[in-house]
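Build me a structure from this.
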Amino acid sequence: MAQLQYLCFASPITSFPLLEPHSFSQFPSLSLSSTKPIFLSLRRTFRLTHISSSASATLATQNPPSETPSEKEEICPTRLLATNIPWTATADDIRALFQNYGTVVDVELSMHSKTKNRGLAFVEMGSVEEAAQALAKLEAYEFEGRPLRIAYAMPKKKKESPPEQPKPAVVYNLFVANLSFSARSRDLKELFQSGGIEVAKAEVIFNEKPRKSSGYGFVSFKTKKEADDALTAFEGKVLMGRPIKLARSNRFVKLESELNSLSEDGEDTAADSSLDSEQTETVDSL
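Presented below is the predicted three-dimensional model:
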């Protein structure tokens, strides 16, 4: 009977070791006077109380701790930031103070106006040791009635130089007048190329409103000799029924980034119309 009481009333959540299940045939036979069935309720509770060291290492590898902002920041071991500076202090005052602890390479005092600073300055010391000494000695140092705050500063950012602009190609130009109103840039270029002269660019100038030819244009050459040869060979040549007139021009024709990449068809574009408004160039007498 004592064994039956143990089975019916023992707490299912105890600190005793969990017993392996046994069949009732292993217990001695019991004589029960009650005819009512006995229901046994067994529950098991599992609690996770420990993670092995190997599992912890695996989790740490999969989720490494993120770096704090201070760990990512770089400092310059010779550059110091001084704050809480008196507003009337000058760069010479700051230099004289820091020179007591080494060579001062540079002082940058942030100014609010010509006579009033913003209360902070950057000081570049000559060596790491001198910067460390100045930091140790001047932290909380009372300067003109105000305690200084000294800390290492971040490296000074170098100003990026602007990209170098490509120099315009040197060309030699001829002014072409008395053009047919039907002539296009391609026609002008083909005329000069027919004489075996290399043409850098040719363009006929157009009016915008209404869009029509102005009756003149420009031809560009890479060398002075080519321009001189063209002037001699094509003066008075007939293009579309009209003899052209040539003269040396000081006008600089806008070329493409590379002369060799020019299109052979040379159709007039909107750029031609913009050139018409700039016809103030000096042209030698025709």
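
quick check: domain ranges of this protein?
The record's domain split for the chain, according to automatic domain parsing, is 79-152, 172-276.

Which of these comes out lowest on mean pLDDT?
Ranked by mean pLDDT, those end with domain 172-276 at the bottom, a mean of 78.

The helix or strand hosting Ser213 pairs with which strands, parallel or anti?
Using DSSP states H and E, the element containing Ser213 is strand 212-221. Partner strands and pairing direction for strand 212-221 (DSSP bridges) are strand 172-177 (antiparallel), strand 201-207 (antiparallel).

Any buried residues in the longest one, and which?
So that's strand 201-207. Residues of strand 201-207 classed as buried by neighbour count (16 or more other C-beta atoms under 10 Å): Lys201, Ala202, Glu203, Val204, Ile205, Phe206. Placement of C-beta: from N, CA and C, glycine included.

Same question for the shortest one.
Residues of strand 172-177 classed as buried under the neighbour-count rule (16+ other C-beta under 10 Å) are Tyr172, Asn173, Leu174, Phe175, Val176.

after it comes which helix or strand?
Helices and strands here follow DSSP H and E; after strand 172-177, the next one along the chain is helix 185-193.

Now do the buried residues in that following helix.
For helix 185-193, burial by neighbour count (16+ other C-beta under 10 Å) applies to Ser185, Arg186, Asp187, Leu188, Lys189, Leu191, Phe192.

Now render these as JSON lines, adding distance to Gly119.
Shown next, in JSON lines, are the buried residues of helix 185-193 (distance: C-beta to C-beta, whole Å):
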{"residue": "Ser185", "distance to Gly119": "65"}
{"residue": "Arg186", "distance to Gly119": "69"}
{"residue": "Asp187", "distance to Gly119": "72"}
{"residue": "Leu188", "distance to Gly119": "68"}
{"residue": "Lys189", "distance to Gly119": "67"}
{"residue": "Leu191", "distance to Gly119": "73"}
{"residue": "Phe192", "distance to Gly119": "70"}
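
among the strands paired with strand 212-221, which is nearest Ala233?
Proximity to Ala233 (C-beta to C-beta) singles out strand 172-177 among those, at 11.1 Å.

Report the contact partners of Glu144.
For Glu144, the residues meeting the contact criterion (C-beta atoms under 8 Å, 6 or more residues apart in numbering) are Pro86, Thr88, Ala89.

What residue, apart from its backbone neighbours, is nearest Asn173 spatially?
Taking C-beta to C-beta, 6 or more residues apart in numbering, and ignoring the residues beside it in sequence, Asn173 has Ser249 as its nearest neighbour in space, at 4.4 Å.

Hmm, Phe175 and that neighbour touching each other?
Yes - the pair formed by Ser249 and Phe175 meets the contact definition of C-beta atoms under 8 Å, at 4.0 Å.

ok so, going back, closest one of the buried residues of strand 201-207 to Thr232?
Using C-beta to C-beta, Ala202 is the member of the buried residues of strand 201-207 that lies nearest Thr232, at 17.6 Å.

For the chain, which segments are assigned as helices?
If you assign secondary structure with DSSP state H, the helices in the chain sit at 2-9, 53-62, 69-72, 91-98, 128-138, 185-193, 224-234, 270-276.

that older thread, will you turn the buried residues of strand 172-177 into JSON lines that also has distance to Ser110?
Supplementary listing: those in JSON lines, determined by distance: C-beta to C-beta, whole Å:
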{"residue": "Tyr172", "distance to Ser110": "54"}
{"residue": "Asn173", "distance to Ser110": "53"}
{"residue": "Leu174", "distance to Ser110": "58"}
{"residue": "Phe175", "distance to Ser110": "57"}
{"residue": "Val176", "distance to Ser110": "61"}
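
I'd like the strands paired with strand 212-221 laid out as CSV, including distance to Val104.
Putting these into CSV (distance: least, C-beta to C-beta, whole Å) gives the following:
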stretch, distance to Val104
strand 172-177, 57
strand 201-207, 58
